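Peer 1: below are the sequence and a predicted model for it; my questions follow.
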Amino acid sequence: APAPPGSSSPSEAAPTPSSGSGSVPHPPQIAEPIAYAAAVAKMLWSYDTRTTNRDQQLAGMRAWMTTETAYADWASVSGQVPDPVLWSRMADQDQHATAHVSEGHYPSAFKQALSDDPSAITKAYIYVVTVNGKQQIAWKRGGGGAEERAVTLAVQCRPNHDCTLAAIAPSVTQ
């Protein structure tokens with residue numbers, strides 16, 4: 001089965017996991033890949049600059065990551081957070097977003113790879129999952145909007161352990 005590429009030179013150091021400050025939820029205790037990927041997508045598409053600074057956002061997201069460095073691509077995840085200047089401008093406008101996940105599924109290429117070599121999954125237990133949903137964004141003075149969202153994630157779900165996030169794919173795979 002395909003595994004996400006490792007990040008040999010992440011663009012930014014990984015912050016320490018969240019101590020509960022800010023609006024990023026703690027990772028759920030889920031051992032099923034599609035359900036965990038849906039929770040990850042909801043976390044990625046939800047934020048609140050009114051209660052969470054950029055460092056808290058990154059630390060909260062880091063808590064969702066696998067601790068297995070061979071499989072963790074922190075750069076693909078941290079790259080989802082706007083740079084400090086943009087985050088500050090978003091905070092100036094009290095920007096916040098919520099998300100609704102409509103569905104998650106294994107992309108056909110992942111299913112085919114798993115079918116071709118079923119034992120390959122047993123090395124890293126990395127599952128590729130595409131999640132679809134909608135993000136609702138709001139800001140000061142009643143501004144806001146919504147958009148459909150989709151993301152393909154690599155989640156690690158080892159037997160008898162909760163799932164963790166390994167990486168975000170550079171493009172969506174159906």
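Peer 2: That came in fine, so what should we check first? Residues are numbered from 1 along each chain as shown.
Peer 1: mind giving me the packing neighbours of the lengthiest helix in the chain?
Peer 2: Taking DSSP state H as the criterion, the chain has its longest helix at helix 33-45. Packing partners of helix 33-45 (3 or more Cβ pairs under 8 Å, 6 or more residues apart in numbering; DSSP states H and E): helix 54-62, strand 96-105, strand 126-139, strand 143-156, strand 164-168. Where C-beta positions appear, they are placed from N, C-alpha and C, glycine not excepted.
Peer 1: give the next helix or strand downstream of that helix.
Peer 2: strand 47-48 (DSSP states H and E).
Peer 1: tell me the strands beside that next one, with direction?
Peer 2: Sheet pairing of strand 47-48 (DSSP bridges) gives strand 96-105 (antiparallel).
Peer 1: in the strand it pairs with, what's buried?
Peer 2: 96-97, 99, 101, 104 (16 or more other Cβ atoms under 10 Å).
Peer 1: what's Val101 in contact with, if anything?
Peer 2: 38, 41-42, 131-133 (Cβ atoms under 8 Å, 6 or more residues apart in numbering).
Peer 1: once you drop chain neighbours, what's closest to Val129?
Peer 2: Distances taken as Cβ to Cβ, 6 or more residues apart in numbering put Ala37 closest to Val129, at 3.6 Å, once the chain neighbours are dropped.
Peer 1: ok, Gln29 next?
Peer 2: Sequence neighbours aside, Asp162 is the residue nearest to Gln29 in space, at 4.8 Å (criterion: Cβ to Cβ, 6+ apart).
Peer 1: burial of that neighbour, as a residue count?
Peer 2: By the measure other Cβ atoms under 10 Å, the count of residues near Asp162 is 14.
Peer 1: for it, helix, strand, or coil?
Peer 2: With DSSP: H, G, I helix; E, B strand; the rest coil as the basis, the three-state label of Asp162 is coil.
Peer 1: surely Met43 touches Ala63?
Peer 2: No - Met43 is beyond contact range of Ala63, at 9.7 Å (criterion: Cβ atoms under 8 Å).
Peer 1: mutual contacts of those two, please.
Peer 2: With Cβ under 8 Å, 6+ apart as the test, Met43 and Ala63 both reach 24, 27.
Peer 1: Trp87: what's it in contact with?
Peer 2: Contact analysis of Trp87 by Cβ under 8 Å, 6+ apart lists 49, 53-54, 57, 81.
Peer 1: Thr164 versus that one, what's the distance?
Peer 2: Trp87 sits 25 Å away from Thr164, taking Cβ to Cβ, to the nearest Å as the criterion.
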